[in-house]
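> how does the following fold in three dimensions:
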Amino acid sequence: MVATDIGLGEELDGGLKVARVASQERPGIAVLYVSGRPLADGMKALLVQPSAFLAKPYTDDQLVSGVSSLLRDRD
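Down below sits the predicted model:
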(Lines give C-alpha, C1' and ligand atoms only; values in the text may rest on other atoms or scores of the structure.)
Protein backbone atom coordinates (compact mmCIF):
# COMPACT_ATOMS: atom_id res chain seq x y z
CA MET A 1 0.00 0.00 0.00
CA VAL A 2 1.10 3.55 -0.68
CA ALA A 3 -0.22 6.78 0.86
CA THR A 4 0.06 10.08 -0.95
CA ASP A 5 -1.27 13.61 -0.80
CA ILE A 6 -3.00 14.48 -4.08
CA GLY A 7 -1.49 17.98 -3.97
CA LEU A 8 2.06 16.70 -3.41
CA GLY A 9 4.86 18.89 -4.73
CA GLU A 10 4.61 22.06 -6.75
CA GLU A 11 1.88 20.69 -8.98
CA LEU A 12 -1.68 20.19 -7.76
CA ASP A 13 -1.67 16.57 -8.90
CA GLY A 14 1.75 15.34 -7.78
CA GLY A 15 0.23 12.62 -5.62
CA LEU A 16 -1.75 11.28 -8.56
CA LYS A 17 1.51 10.88 -10.46
CA VAL A 18 3.14 9.10 -7.50
CA ALA A 19 0.22 6.66 -7.39
CA ARG A 20 0.40 6.01 -11.14
CA VAL A 21 4.13 5.23 -10.98
CA ALA A 22 3.62 2.97 -7.95
CA SER A 23 0.82 1.17 -9.80
CA GLN A 24 3.02 0.64 -12.85
CA GLU A 25 5.77 -0.81 -10.67
CA ARG A 26 3.38 -2.91 -8.56
CA PRO A 27 0.07 -3.51 -10.37
CA GLY A 28 -2.85 -3.76 -7.98
CA ILE A 29 -1.15 -1.78 -5.20
CA ALA A 30 -3.68 -0.08 -2.94
CA VAL A 31 -3.47 3.70 -2.64
CA LEU A 32 -4.60 5.90 0.24
CA TYR A 33 -5.09 9.42 -1.07
CA VAL A 34 -5.35 12.43 1.23
CA SER A 35 -6.02 16.07 0.44
CA GLY A 36 -6.95 19.33 2.05
CA ARG A 37 -9.29 19.98 -0.87
CA PRO A 38 -12.51 18.16 -1.70
CA LEU A 39 -12.25 15.40 -4.26
CA ALA A 40 -13.83 16.73 -7.45
CA ASP A 41 -16.04 14.35 -9.42
CA GLY A 42 -13.78 14.58 -12.46
CA MET A 43 -10.78 13.62 -10.36
CA LYS A 44 -12.31 10.35 -9.15
CA ALA A 45 -11.70 8.77 -12.55
CA LEU A 46 -7.97 9.52 -12.21
CA LEU A 47 -7.51 7.56 -8.98
CA VAL A 48 -5.61 4.29 -9.13
CA GLN A 49 -7.75 1.42 -7.85
CA PRO A 50 -8.09 0.03 -5.26
CA SER A 51 -8.04 3.27 -3.32
CA ALA A 52 -9.51 5.22 -0.44
CA PHE A 53 -9.69 8.98 0.07
CA LEU A 54 -9.39 10.99 3.29
CA ALA A 55 -10.07 14.70 3.51
CA LYS A 56 -7.76 16.66 5.80
CA PRO A 57 -7.92 17.10 8.64
CA TYR A 58 -8.79 13.50 9.39
CA THR A 59 -8.97 11.74 12.72
CA ASP A 60 -6.88 8.79 13.85
CA ASP A 61 -9.98 6.63 13.59
CA GLN A 62 -10.59 7.71 9.98
CA LEU A 63 -6.97 6.93 9.10
CA VAL A 64 -7.15 3.50 10.71
CA SER A 65 -10.45 2.81 8.96
CA GLY A 66 -9.11 3.85 5.55
CA VAL A 67 -5.96 1.75 5.86
CA SER A 68 -7.90 -1.21 7.28
CA SER A 69 -10.42 -1.17 4.43
CA LEU A 70 -7.67 -1.17 1.82
CA LEU A 71 -5.79 -4.00 3.51
CA ARG A 72 -8.95 -6.02 4.05
CA ASP A 73 -10.08 -5.62 0.43
CA ARG A 74 -6.83 -7.00 -0.98
CA ASP A 75 -7.17 -10.34 0.79
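> where does residue 54 sit, in terms of helix or strand?
strand 51-55 (DSSP states H and E).
> could you check how far the very next helix or strand once past that strand is from the centre of its chain?
For strand 51-55, the succeeding helix or strand toward the C-terminus, using DSSP H and E, is helix 60-73. Counting by Cα atoms, centre = their mean, to the nearest Å, helix 60-73 is centred 12 Å from the centre of its parent chain.
> so which bits of helix 60-73 are buried?
66-67, 70 (16 or more other Cβ atoms under 10 Å). Glycine gets a C-beta too; all of them are placed from N, C-alpha and C.
> save those as a markdown table, and put in pLDDT and distance to residue 28 too.
What follows is the buried residues of helix 60-73, written out as a markdown table (pLDDT from 0 to 100; distance: Cβ to Cβ, whole Å):
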| residue | pLDDT | distance to residue 28 |
| --- | --- | --- |
| 66 | 95 | 18 |
| 67 | 96 | 17 |
| 70 | 94 | 11 |
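> leaving out chain neighbours, which residue sits closest to residue 73?
In space, and not counting its chain neighbours, residue 73 is closest to residue 50: 5.6 Å by Cβ to Cβ, 6 or more residues apart in numbering.
> and that neighbour, how far from residue 71?
The spacing between residue 50 and residue 71, counted by Cβ to Cβ, to the nearest Å, is 10 Å.
> name the nearest residue to the residue nearest to the spatial centre of the chain, ignoring sequence neighbours.
What sits nearest the mean C-alpha location of the chain, by Cα atoms, centre = their mean, is residue 33, with 2.1 Å. Counting by Cβ to Cβ, 6+ apart, residue 53 is the residue found nearest to residue 33 once chain neighbours are left out, at 4.8 Å.
> perfect, that will be all.
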